[in-house]
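**Student:** I'll drop the sequence and a predicted model, then ask my questions.
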Amino acid sequence: MVTGAAAGIGRSIALRFLREGWTVGAYDLDESGLASLEQEAAPLPGTVVTGRLDVRDRARLEECLTELTGRTGRLDVMVNNAGLLNSGPFHELTPEQLDRELAVNVGGVLHGLHAAFPHLRATPGSVAVSLGSASAIYGQAELASYSATKFYVRGLTEALEIEWARHGIRVVDMWPLFVGTAMVDGVDIGTTSTLGVRLQPDDVAEQVWRAVHPGRARRALHQVHYPVGRQATLLSLGSRFSPAWLTRQVNRRLARH
């Protein structure tokens with residue numbers, strides 16, 4: 001199951017698994033985008049099941065999961081991808097923008113994981129994947145609320161990776177930097193100017209595929225966070241070994257503050 005699957009990263013993830021012959025439940029508010037996904041998926045070996053979903057609606061999330069698992073009898077992978085991004089000075093964002101971002105980025109992942117749990121538990125070797133962000137490494141100026149929502153995803157992922165291991169469920173998240181999707185259209189902040197937009201949706205989809213099918217080393221090390229791209233990998237490694245003051249200074253310079 002992939003949320004936010006009509007376009008961007010979610011669509012690329014759905015297509016990546018469809019090319020491998022999987023049955024993919026693709027859900028989104030954008031029904032025209034889902035219709036075009038069905039057309040693109042038609043010649044592929046996998047089977048796509050689509051449905052309208054607002055991830056803020058817990059009851060509808062449960063319905064979609066029940067419908068999908070009713071057809072497949074299992075849920076091997078749950079991908080919480082749906083998300084929003086508000087950029088700019090925090091004090092200039094409206095309360096409505098902040099509330100919606102919180103409800104989708106936090107509530108959508110929270111309820112998606114909670115609703116998926118019984119289906120994942122019933123499927124041997126299942127994996128829960130959430131779209132985090134490299135902004136969960138250190139809080140990002142001009143992405144304050146977005147960055148904070150990704151820290152929530154990070155914390156929830158780390159906790160459930162330990163908690164759900166006894167149920168045979170792996171829990172991971174992805175840490176891309178800026179990806180060339182509609183989400184970053186019109187975003188002009190310090191970090192986009194400094195780092196640029198160097199990733200495409202297929203780059204994230206490929207990392208999701210690898211996270212679901214880890215090598216022996218990654219499995220043995222219980223890798224939880226998967227940086228996407230060279231920049232995110234370097235930032236992630238740097239934050240592990242540098243003192244807090246240096247990490248702050250690096251992020252301050254990247255944000256041009």
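**Tutor:** Alright, I've got the coordinates.
**Student:** my read: Leu75 touches Pro124, true?
**Tutor:** No - in this structure, Leu75 is not within contact of Pro124 by CB atoms under 8 Å, at 11.2 Å. Backbone N, C-alpha and C define where each C-beta goes, glycine included.
**Student:** on the three-state scheme, Arg154 is what?
**Tutor:** Put simply, Arg154 is helix when judged by DSSP: H, G, I helix; E, B strand; the rest coil.
**Student:** ah, wrong one, I meant Val24
**Tutor:** Val24 ends up strand, using three-state DSSP.
**Student:** among Leu75 and Pro124, which residue is more densely surrounded?
**Tutor:** Leu75 (22 against 9; other CB atoms under 10 Å).
**Student:** torsion angles phi and psi at His225?
**Tutor:** Reported as degrees, to the nearest 10, the phi and psi values for His225 are phi -100, psi 130.
**Student:** ok, it - how many residues close by?
**Tutor:** Look at His225: counted by other CB under 10 Å, it has 19 neighbours.
**Student:** which ones are touching it?
**Tutor:** Residues in contact with His225, defined by CB atoms under 8 Å, 6 or more residues apart in numbering, are Gly132, Arg154, Thr157, Val172, Asp173, Trp175, Ser236.
**Student:** tell me which element the third one is part of?
**Tutor:** The one in question is Thr157. With elements taken from DSSP states H and E, the one containing Thr157 is helix 144-163.
**Student:** following that helix, which helix or strand comes up?
**Tutor:** Counting by DSSP H and E, the element after helix 144-163 in chain order, helix or strand, is strand 170-176.
**Student:** what packs against that next one?
**Tutor:** strand 127-131, helix 144-163, helix 201-212, strand 225-228, helix 230-241 (3 or more CB pairs under 8 Å, 6 or more residues apart in numbering; DSSP states H and E).
**Student:** turn the ones you listed into CSV, columns for mean pLDDT.
**Tutor:** As requested, the helices and strands packed on strand 170-176 are exported to CSV (pLDDT from 0 to 100):
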stretch, mean pLDDT
strand 127-131, 98
helix 144-163, 97
helix 201-212, 96
strand 225-228, 95
helix 230-241, 88
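**Student:** the least confident helix or strand in the chain by mean pLDDT - contacts with which helices or strands?
**Tutor:** Every helix and strand of the chain was ranked by mean pLDDT, DSSP states H and E. The lowest is helix 190-195, at a mean of 83. With contacts taken as 3+ CB pairs under 8 Å, 6+ apart, helix 190-195 sits against helix 244-254.
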